[in-house]
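Participant: This is a predicted model, with the sequence first.
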Amino acid sequence: MAAPLSRTLTKMTPPTLRNIFHWLIGAAILFGCDRLGNLASTALELPVPGAVVGMLLLLFGLVIYGGVPRGLAQVSSQLLFLLPLLFLPAAVGVFFLRDLTLSEWLALIAAIVIGTLVSLALSALLLHRLLDKGHRDD
């Protein structure tokens, strides 16, 4: 049985200044990549949203750095925990799509299905490659 909330709260240790500093650096990295991506997308008049450009900048930065800094991992894990809340506005927005024509619905459904299949296929290929790499290292 789960421990009572009061006992769980008393076991929690307060964050140290070092942890707070790491967390702030991680949040600053995410915010900075987002801002740089938006600036680059606007300045270069790219047909890609600034958030996507920011994610690519973050990816390149992590590849160059060779890993994920502790603070960025902490902030990212919290954001992943809250990810369903980030999708809630999009799910609510679907409610207002009732005036679409049949051809628009078919295009929307095709985009969802194709996007899902491509995502699954790429994830499976990446998992296969990572598992093969892990077996070769043994």
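Facilitator: Happy to help now that I have it. Numbering: from 1, shown residues only.
Participant: What's the separation between the one residue sitting closest to the centre of the chain and Gly66?
Facilitator: With distances taken as Cα atoms, centre = their mean, Leu80 lies nearest the centre of the chain, 6.6 Å away. To Gly66, Leu80 is 22 Å away according to Cβ to Cβ, to the nearest Å. Using the backbone N, CA and C atoms, a C-beta is placed for each residue, glycine as well.
Participant: again, but for Ala51
Facilitator: Counting by Cβ to Cβ - Ala51 and Gly66 are separated by 24 Å.
Participant: Comparing those two, which residue is more hemmed in?
Facilitator: Set Ala51 next to Gly66 and count neighbours by other Cβ atoms under 10 Å: Ala51 wins out with 13 against 6.
Participant: Could you measure from His135 over to His128?
Facilitator: Taking Cβ to Cβ, one finds His135 at 11 Å from His128.
Participant: which residues of the chain score low on pLDDT?
Facilitator: The chain contains residues with pLDDT under 70 at 1-12, 90-91, 94, 136-138.
Participant: Now with 50, please.
Facilitator: For the chain, the stretches with pLDDT under 50 are 1.
Participant: Counting residues, which helix of the protein comes out longest?
Facilitator: Longest helix in the chain by number of residues, with DSSP state H as the criterion: helix 102-137.
Participant: In terms of secondary structure, what does that one contact?
Facilitator: Helices and strands touching helix 102-137, by 3 or more Cβ pairs under 8 Å, 6 or more residues apart in numbering; DSSP states H and E: there are none.
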